[in-house]
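In: Coordinates for the following, if possible.
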Amino acid sequence: MARDKELAASRREARQRKKIKKLLNFDYTLLFLVVFILAFGLVMLYSTSAYAASLKQGNSIYYLKRQVQAAGLGFIGMFFTTKIDYRRWGALVWPIYLGSIFLCVVVIFAGVTINESSRWLRIGGVQFQPSEIAKVAVILLIAHIIDRAPKAQRTIKGSVYTMVLVLPVFTIVAYNNLSTAIIIMGIAFVMVFIASPKYTQFIAAGAGVLVMIIFYISVASYRAGRIDAWRHPEDHIQDKGYQILQGLYAIGSGGLFGKGLGGSMQKYIVPEAQNDMIFSIICEELGVFGAVCVILLYILLLYRLMFIANHAKDMFGSYICIGIMTHIAMQVILNIAVVTNSIPNTGVTLPLISYGGTSVAILLSELGLALSVSKNMEFEGDEDV
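Out: Residues are numbered from 1 along each chain as shown. Next comes the predicted model:
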């Protein structure tokens, strides 16, 4: 009887120590960075969109209000994905992936058109982009496959098989949203690349993806038009080149420290400045100093994700964090490259800052997965605790 009591007490103590370990491991720095970037984004969103919202919607806080609502849903999603052990998602990766493909197919036939793009679905009064769900689905799928068969990724056959699994969602999303399809393929490519020590096969795969992108650009006139507008924006001042040039004017007029919060003049001119071009308004109002600070915040965010990935308890958790890190890094790089006219306009938002309800809500929920992984991190000497 006494021995049973000792065993019960020992188990209770072990459970208590496990809870304390999770509380200590939880990455509060990552959570703080996410909240800070989001709060900064809300301030910049209001500064950028107040005039346009008053003009178009009759309410200066229209865009801000909708973004706050989306962020609220995102934090609810983050709470659940943080509380649920990330390893439980392993049994659901295929239903989630196939479900995201189904939703992306539905968009092609019954999508809601906004600004000449059909990328949204409206179900029961709720409007969202299935392609954002597809990003998370791909991260979970690739992480699950690498976790289940890590040695297979070291062969050309295994790597090709894994990449082929992403082709259906890539092809469907690319039909009307090439930029998001590139991000999806990029996420899968980086995750498989890290899992494999061989580089030759990835050079060949990269060349194949490049050929596919060129093909998709050539079969749609509006995509070819974007390329021409990128190369010669001054020749397209009446249409596609107008936004690019106005964004560059905003960046150039900001100087070192900017015109001050709310002092932008280009936000009255740049079309849809609160969306893809918000970084240009940040440059105008906060200058080069503010732009560098924003980039540093993203670098710190990516560093925390890399830290969690390096100390994750298993490969599934590690590659979830690698996928999330790749997702955020690609969007930041592509958005800033577009705003500075380094690449053609792609329509990619700046994570947690640009206006976009689905993007914010899904990304916050996605980051909850990384926080869930952080609770189970392992460090040297843990076995002695």
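In: CA atoms of the helix or strand containing G186 as CSV?
Out: According to DSSP states H and E, G186 maps onto helix 178-195. The C-alpha trace of helix 178-195 is given here as CSV (Å, rounded to 0.1, in the frame of the first residue of the first chain):
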residue,chain,number,x,y,z
LEU,A,178,0.7,32.5,-59.3
SER,A,179,2.5,34.4,-56.5
THR,A,180,0.9,32.3,-53.8
ALA,A,181,1.6,29.2,-55.8
ILE,A,182,5.3,30.2,-56.0
ILE,A,183,5.3,30.6,-52.2
ILE,A,184,3.7,27.2,-51.7
MET,A,185,6.3,25.5,-53.9
GLY,A,186,9.1,27.5,-52.3
ILE,A,187,8.0,26.3,-48.8
ALA,A,188,8.1,22.7,-50.0
PHE,A,189,11.4,23.2,-51.8
VAL,A,190,13.2,24.6,-48.8
MET,A,191,11.9,22.0,-46.4
VAL,A,192,12.9,19.1,-48.7
PHE,A,193,16.3,20.8,-49.5
ILE,A,194,17.1,21.0,-45.7
ALA,A,195,16.2,17.4,-45.3
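In: For G41, which residues are in contact?
Out: G41 makes contacts with Q67, L350, L352, I353, S354, as judged by CB atoms under 8 Å, 6 or more residues apart in numbering. Using the backbone N, CA and C atoms, a C-beta is placed for each residue, glycine as well.
In: Just flag the most distant two among these.
Out: Q67 and L350 (12.6 Å; CB to CB).
In: Next, count neighbours for the residue lying closest to I343 once chain neighbours are set aside.
Out: Spatial nearest neighbour of I343, chain neighbours left out: A337 (4.5 Å); criterion: CB to CB, 6 or more residues apart in numbering. Residues near A337, counting by other CB atoms under 10 Å, number 14.
In: Kindly report the same for the one 3 residues further on.
Out: The number of residues packed near T340 is 16, by other CB under 10 Å.
In: From A181, how far off is it?
Out: 23 Å (CB to CB, to the nearest Å).
In: and what of S359?
Out: 15 Å.
In: what are the ranges of the helices in the stretch 101-250 of the chain?
Out: 130-148, 156-164, 167-174, 178-195, 200-218, 221-231, 240-254 (DSSP state H, counting those that start in this stretch).
In: weakest of those helices in terms of mean pLDDT?
Out: The weakest mean pLDDT among these belongs to helix 221-231, with a mean of 62.
In: Mind giving me the packing neighbours of the helix or strand containing the residue nearest to I343?
Out: Per DSSP H and E: A337 is located in helix 315-339. Here helix 315-339 touches helix 130-148, helix 178-195, helix 278-310, helix 357-374, going by 3 or more CB pairs under 8 Å, 6 or more residues apart in numbering; DSSP states H and E.
In: Would you mind putting those into CSV with distance to G99 alongside?
Out: Converted to CSV, the helices and strands packed on helix 315-339 look like this (distance: least, CB to CB, whole Å):
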stretch, distance to G99
helix 130-148, 8
helix 178-195, 15
helix 278-310, 25
helix 357-374, 14
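In: Please convert these to JSON lines, extending it with distance to I333 and mean neighbour count.
Out: JSON lines is the format used below for the helices and strands packed on helix 315-339 (distance: least, CB to CB, whole Å; neighbours: other CB atoms under 10 Å):
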{"stretch": "helix 130-148", "distance to I333": "15", "mean neighbour count": "24"}
{"stretch": "helix 178-195", "distance to I333": "10", "mean neighbour count": "22"}
{"stretch": "helix 278-310", "distance to I333": "9", "mean neighbour count": "20"}
{"stretch": "helix 357-374", "distance to I333": "16", "mean neighbour count": "25"}
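In: Which of those sits closest to R154?
Out: Smallest distance to R154 across those (CB to CB): 7.8 Å, for helix 178-195.
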